[in-house]
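A.B. asks: Task: produce atomic coordinates for the following.
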Amino acid sequence: MNISNVSLGASFIAGLLAFFSPCVLPLLPVYLSVLAGSNVSSGVKRSSIIVNTGAFILGFSAVFALLGLSVTAISQYLVFNRPVVVKVAGVFVVILGLFLLGFFNIPFMLRERRKQIQFKAINPFSAFVLGCAFSLGWTPCIGPVLSSVLLMAGSTQSFKYGFLMLLIFSMGLALPFFILALAADRATSFLNITKKYTPYFQKAAGVMLIIMGVLLYLNRL
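C.D. replies: As a prediction, this is how the structure comes out:
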């Protein structure tokens, strides 16, 4: 396995763990209901939920991928000093990992800034818009994990990997959404069970970020 594959694998796991953030998980039944166009237990066609969920995933994936390109573009101006950029990024990733482990508190990192978006009828286009809003509204909440992936993407100073890392991060975040859409009628009970394990997912993310930060600092990513 080469170094780039390690980075891409870490991006996918980071997206998966971001799904279990404390301010994302509790509101997922609401999102599923909106994407279904009704209550998820009311017998709505599964195909509608799957199509709308796919559009929703495309919405937040597009925003995250654009963020990856933007950070990489900014880092291009620092190409003459890449070793310093990599070390600084590594230090920040370790700090974010320590934050997730509870060593200190950054209040704005664990709250969401979302606005209620009302649609008269849900369809793939409105679901796509909702996905874009989701990515922007929940960015502060999943900030530690997302910021770490962005720092790793920026340190590569490669548009290809900047885009790819955020796209794979989005795939990791999307996978649980899609699984829930396939089993929408059992989503609520699954989320109730999963909710009590949220602190452990957060700590797992913290440990992963510390490891990735150290590897980044040592230029092993």
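A.B. asks: and the strand or helix carrying Ser47, which residues are buried?
C.D. replies: Under the criterion of DSSP states H and E, Ser47 resides in helix 46-76. Across helix 46-76, burial judged by 16 or more other CB atoms under 10 Å covers 48-49, 51-65, 67-68, 71-72, 75. Where you see a C-beta, it was placed from the backbone N, CA and C, and this is true even at glycine.
A.B. asks: any idea which helix or strand comes after the host helix or strand of Lys87?
C.D. replies: Following DSSP H and E, one finds Lys87 within helix 82-100. Downstream of helix 82-100, the next assigned helix or strand under DSSP H and E is helix 124-137.
A.B. asks: and the angle from the next helix or strand after that next one to helix 46-76?
C.D. replies: Next along the chain after helix 124-137, taking DSSP H and E as the criterion, comes helix 143-156. Put simply, helix 143-156 runs at 50 degrees to helix 46-76, going by axes from the mean of the first three to the mean of the last three CA atoms, to 10 degrees.
A.B. asks: In terms of secondary structure, what does helix 143-156 contact?
C.D. replies: helix 3-18, helix 46-76, helix 82-100, helix 159-182, helix 198-217 (3 or more CB pairs under 8 Å, 6 or more residues apart in numbering; DSSP states H and E).
A.B. asks: buried residues in that helix?
C.D. replies: Neighbour-count burial for helix 143-156 flags 143-156 (criterion: 16+ other CB under 10 Å).
A.B. asks: relative to helix 82-100, how tilted is it?
C.D. replies: Using the same axes, to 10 degrees, helix 143-156 lies at 170 degrees relative to helix 82-100.
A.B. asks: Need the CA coordinates for helix 143-156. PDB is fine.
C.D. replies: In PDB, the C-alpha atoms belonging to helix 143-156 read as follows (Å, rounded to 0.1, in the frame of the first residue of the first chain):
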ATOM      1  CA  GLY A 143     -15.500  20.600  11.800                       C
ATOM      2  CA  PRO A 144     -12.700  18.800  13.600                       C
ATOM      3  CA  VAL A 145     -12.800  15.800  11.300                       C
ATOM      4  CA  LEU A 146     -13.600  17.800   8.200                       C
ATOM      5  CA  SER A 147     -10.800  20.300   9.000                       C
ATOM      6  CA  SER A 148      -8.300  17.500   9.400                       C
ATOM      7  CA  VAL A 149      -9.100  16.100   6.000                       C
ATOM      8  CA  LEU A 150      -8.900  19.600   4.400                       C
ATOM      9  CA  LEU A 151      -5.500  20.100   6.000                       C
ATOM     10  CA  MET A 152      -4.300  16.800   4.700                       C
ATOM     11  CA  ALA A 153      -5.700  17.700   1.300                       C
ATOM     12  CA  GLY A 154      -4.100  21.100   1.300                       C
ATOM     13  CA  SER A 155      -0.700  19.700   2.300                       C
ATOM     14  CA  THR A 156      -0.600  17.600  -0.800                       C
END
